[in-house]
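Undergrad: Return a 3D structure for these sequence lines:
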Amino acid sequence: MHIQKSVLGTLLAACLILTACSKTEKESATLLIYGGPIYTVDTTQAMVEAVATKDNTILFAGSLEEAKQYQTEQTQVIDLQGKTMTPGLIEGHGHFMGLGYNELDLDLMNTTSYQEIVDAVAEKVAEAEPGEWITGRGWHQSKWEEIPEEVVKGFQTHDLLSSVSPDNPVYLRHASGHAGFANARAMEIAGISILPGEGADTYEIEGGEVLRDNLGRPTGIFNERAQTLITRHIPENTPERDIKAFEMAVAACHRNGITGFHDAGIGRETIALYEQMKESGKMNIRLFTMLTGWDPELLEEWYERGPQIDTAHLLTIRSIKLNCDGALGSRGAWLLEPYTDRPGHYGHETLPMEIVKETALNGLQNGFQVCSHAIGDRANREILDRYEAAFKELPDLAGDHRFRIEHAQHLHPEDIPRFAELGVIPAMQAIHMSSDRPWAIDRLGEKRIKEGAYMWQSLLQSGIPIVNGTDVPVEPLDPIPSFYASISRKTLKGTPEEGYEPAERMTREQALRSYTLDAAYGAFEEDIKGSITPGKLADFTIYNQDLMTVPEPSVLDTEVVMTIFNGEVVYSKKE
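TA: Numbering: from 1, shown residues only. The predicted model follows:
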C-alpha cells in the first residue's frame, strides 16, 4: 500500500509538472501590444487595451492587466504610445502584379494633362534603346486639368505622342485598364495603317473598338478587347523582372498596411510565379486569387483539380474572375440606356452572357466562387440574372456560394435588393466614387447617378456586406483615401461640402469592416482573419492617429506607421 501511494504521488507530481509546463508554454506570448486605441472589429468587444500573440496567432485581446499575464522575458513589447491599431487591412479587389509593374514602369497616375504624358514618354525615350518598347499606365483624360487641342470622342490623338517617340513603340494603359493609347510605331508593328482609308478591316474586333477620326484614321486609342491588337506584340516580361515586380508589390502592401490581397484575375504564368515565391519564403502577403476567365483551358484544369485552400493561409485559389463589360471612363460600361454624352452608345458586352451562366454552373459543381466584373447597370442585371438561373438549377450546391460582382458601380434601382436576396457580394472600390463622380454625371446624367451609382448604404441596409478596395493600379493602393471616400462621399479635395449623395455614405465602423472582416467574408476567410479575435491570424495595421474619431477633414492626414504580418513587424515608418 505504501509503495502504491508513493507511486501515485510520484505520478501525480509528474502530471502537475507537465501540466504547469504545458500551461506556461501555452500562455507565453511572443508579442504584446498596448498603449493606444485598438479597434477589434469583433462584436463581442469593439475595443481593447492590449493584444497578445503567440507566433502567428492572436492569443488574447482584452485588458492590459490580463494581457500581461502572458508576458515573459522573451516577449517582444510594442507600446503604441497613443497610436491606433486595427486588424490588418485587406485589399478587396486589385491586381497584384499590376501593382508591382506600376512600380517598375511609367506611372502616369498623377498626370494632369496630355502634355505631361508626352513629356514623361520623351524622358523614357532618351534612356531607351531604339526599338525598345515603352509601357506605362495610369492616365485618365477625364481627370486632366486641360483638354488637348485635338480630341476624338473625348480622347486625345497619337500625333503628339508619336512625334517624341518615332523609333520606340509606346503603349500606355488607361487608368481603368479598359483602354490603351498607342503611338504610330506601335500601330505599325501591329500592322495597323495610320493612313486614311487603308486597312479598315484591321480595326474590327468583337467586344472592342479602335477609335478613328473623321478621316478614318486610328487615333491611337484602343478600347476594351481591341487592346489585344497591340498588346500581343509587346514582349513578355523576363522571370527576373517578374520576381522584382512581385517583391515591389509586397513592399508596397506593407507600406500601406495591407496584409491580405484579393487578386482579381491571374493566369497560369502568374500562378507558377506565386507558387515559386511561396516555396522560396517570399510570400509575405496573404493572396486570395481569382483565375482568369479568359483562359478556358485553365479553368477546365482547375475544375478537375478543385480549389486550392492553403493551410498556411498565404496562397489560396478558389475563385474565377469574368470580365463582362468595360469602364465608365472609356464609355465601355454596358448600360441599359445610352450614354448621356454619347447618344446611341451603350458600352460593350465584353464576354457573352452564356459564358457567365456556364461558369456559374461549373463554379457551383466544382467548389469555385465566381466573381464577375460589372460596372454598367445592364452588365450588373445580366450577371445577376445568370447567377440566379444557376442557383435555381443547382439549389443543393448554392447554399454558401458567395458569388461576387466586382465594382457593382452603377445599378438599376430594381436590382439593388437582388444582391442580398441572392447572396451576391458587391466588391466595390469607394475611391472610384471620389475620383469618378465629378465626371461620371456626364456619362449617366443626374437621375441615373442619384438613383443607382455607388449605392453603398442602400446595399448595406439590404443586408449584404461590401468588400472595399482600390482596384490598384487603377487607383493608388493607399487605403486611407478609400476610407475617406467611404465616409465622406467627397473628392480628395473635400468637395462638395455635403458630399455626393450623402445618404449613401458609410459609417466609419462600416468602412473599417469593409476593409477587414467583410473583406475576409468575401473570401470565405472570416474565421481566420478580419478581426482581432483570439485564434485568428496575427495581422495588424497601426496608424499615426485615430482614424475612427479624428474630424473628417483630418482623416486624409492618417498614415500607416507599422504593419504586422504573421505576428512579425514587416514595416515600420521611419520617424
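Undergrad: which residues does residue 275 contact?
TA: residue 315 (CB atoms under 8 Å, 6 or more residues apart in numbering). To be clear about C-beta, it is placed using only N, CA and C from the backbone, and glycine gets the same treatment.
Undergrad: ok, it to residue 94 distance?
TA: With distances taken as CB to CB, to the nearest Å, residue 275 is found 20 Å from residue 94.
Undergrad: Residue 107 now?
TA: 15 Å.
Undergrad: Of these two, which one has the most company?
TA: residue 94 (23 against 16; other CB atoms under 10 Å).
Undergrad: Could you report the separation of that one from residue 464?
TA: 21 Å.
Undergrad: and the closest residue in space to residue 377 that isn't next to it in sequence, how many residues sit next to it?
TA: Residue nearest to residue 377 in three dimensions, not counting chain neighbours: residue 412, with 4.5 Å by CB to CB, 6 or more residues apart in numbering. Other residues lying near residue 412 total 19 when counted by other CB under 10 Å.
Undergrad: Next up, the contacts around residue 412.
TA: Contacts for residue 412 (CB under 8 Å, 6+ apart) come out as 336, 377, 380, 381, 452.
Undergrad: if I pick the residue nearest to residue 234 when sequence neighbours are not counted, what's in contact with it?
TA: Using CB to CB, 6+ apart and skipping the chain neighbours, the partner closest in space to residue 234 is residue 133 (5.6 Å). For residue 133, the contact set (CB under 8 Å, 6+ apart) comprises 168, 169, 170, 171, 186, 234, 235.
Undergrad: Greatest separation within those: which pair is it?
TA: 170 and 235 (13.6 Å; CB to CB).
Undergrad: So those two - more neighbours on which side?
TA: Between residue 170 and residue 235, counted using other CB under 10 Å, residue 170 has the larger neighbour count: 27 against 9.
Undergrad: For that one, give its distance to residue 575.
TA: 41 Å.
Undergrad: ditto for residue 411
TA: 45 Å.
Undergrad: repeat for residue 435
TA: 31 Å.
Undergrad: Those two: who's more crowded?
TA: Neighbour count, other CB under 10 Å: between residue 435 and residue 575, residue 435 has more, with 22 against 4.
Undergrad: The helix or strand encompassing that one packs against which elements?
TA: Assigned by DSSP states H and E, residue 435 belongs to helix 430-452. Secondary-structure packing of helix 430-452 (3 or more CB pairs under 8 Å, 6 or more residues apart in numbering; DSSP states H and E): helix 479-488.
Undergrad: tilt between the helix it packs on and helix 430-452?
TA: Using axes from the mean of the first three to the mean of the last three CA atoms, to 10 degrees, the inter-axis angle of helix 479-488 relative to helix 430-452 is 20 degrees.
Undergrad: Give me the residues contacting helix 479-488.
TA: Under CB under 8 Å, 6+ apart, the answer for helix 479-488 is 89, 91, 256-258, 429-431, 433-434, 456, 468-470, 475, 490, 492, 494, 499, 505-508, 510-512, 514-515, 547, 552, 555-556, 558-560.
Undergrad: how far out from the middle of the chain is it?
TA: Centroid displacement of helix 479-488 relative to its chain, using CA atoms, centre = their mean, to the nearest Å, is 14 Å.
Undergrad: Flag every buried residue along the helix or strand that that helix is followed by.
TA: With elements assigned by DSSP H and E, the helix or strand that comes after helix 479-488 is helix 508-514. Across helix 508-514, burial judged by 16 or more other CB atoms under 10 Å covers 508, 510, 511, 512, 513, 514.
Undergrad: Which residue is the nearest non-sequential neighbour of the fifth one?
TA: Once flanking residues are discounted, residue 513 sits nearest to residue 41: 5.8 Å by CB to CB, 6+ apart.
Undergrad: got the contact list for that neighbour?
TA: Counting by CB under 8 Å, 6+ apart, residue 41 touches 86, 87, 512, 513, 516, 517, 530, 531, 532.
Undergrad: Going by neighbour count, list what's buried in the helix holding residue 435.
TA: Under 16+ other CB under 10 Å, the buried positions of helix 430-452 are 430-441, 443-444, 448-449, 451-452.
Undergrad: how's this structure carved up into domains?
TA: Annotated domains of the chain cover 2-82, 106-231 [automatic domain parsing].
Undergrad: I'd like these as TSV, with distance to residue 283 appended.
TA: Output for the domains of the chain, formatted as TSV (distance: least, CB to CB, whole Å):
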stretch	distance to residue 283
domain 2-82	13
domain 106-231	25
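Undergrad: least reliable of the ones you listed going by mean pLDDT?
TA: The weakest mean pLDDT among the domains of the chain belongs to domain 2-82, with a mean of 81.
Undergrad: picking that back up, after the helix holding residue 435, heading C-terminal, what element do we hit next?
TA: Taking DSSP H and E, what comes next after helix 430-452 is helix 456-462.
Undergrad: what sits up against that following helix?
TA: 408, 416-417, 419-420, 426, 428, 430, 466, 486, 503-506, 510.
Undergrad: Name the member of these with the most neighbours.
TA: Ranked by neighbour count (other CB under 10 Å), the contacts of helix 456-462 have residue 408 at the top, with 31 neighbours.
Undergrad: quick one: secondary structure of the nearest residue to it once chain neighbours are set aside?
TA: The shortest distance from residue 408 to any non-neighbouring residue, by CB to CB, 6+ apart, is to residue 426 (3.8 Å). Under the three-state scheme (DSSP: H, G, I helix; E, B strand; the rest coil), residue 426 adopts strand.
Undergrad: ok, residue 426 touching residue 454?
TA: No: using CB atoms under 8 Å, residue 426 makes no contact with residue 454, being 10.5 Å away.
Undergrad: now residue 91: how far from residue 219?
TA: Using CB to CB, residue 91 is found at 34 Å from residue 219.
Undergrad: higher neighbour count, these two?
TA: residue 91 (32 against 21).
Undergrad: got the contacts of residue 133 as a markdown table, with secondary structure and distance to residue 227 columns?
TA: Shown next, in a markdown table, are the contacts of residue 133 (DSSP: H, G, I helix; E, B strand; the rest coil; distance: CB to CB, whole Å):
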| residue | secondary structure | distance to residue 227 |
| --- | --- | --- |
| 168 | coil | 19 |
| 169 | coil | 14 |
| 170 | strand | 14 |
| 171 | strand | 8 |
| 186 | helix | 11 |
| 234 | coil | 10 |
| 235 | coil | 16 |
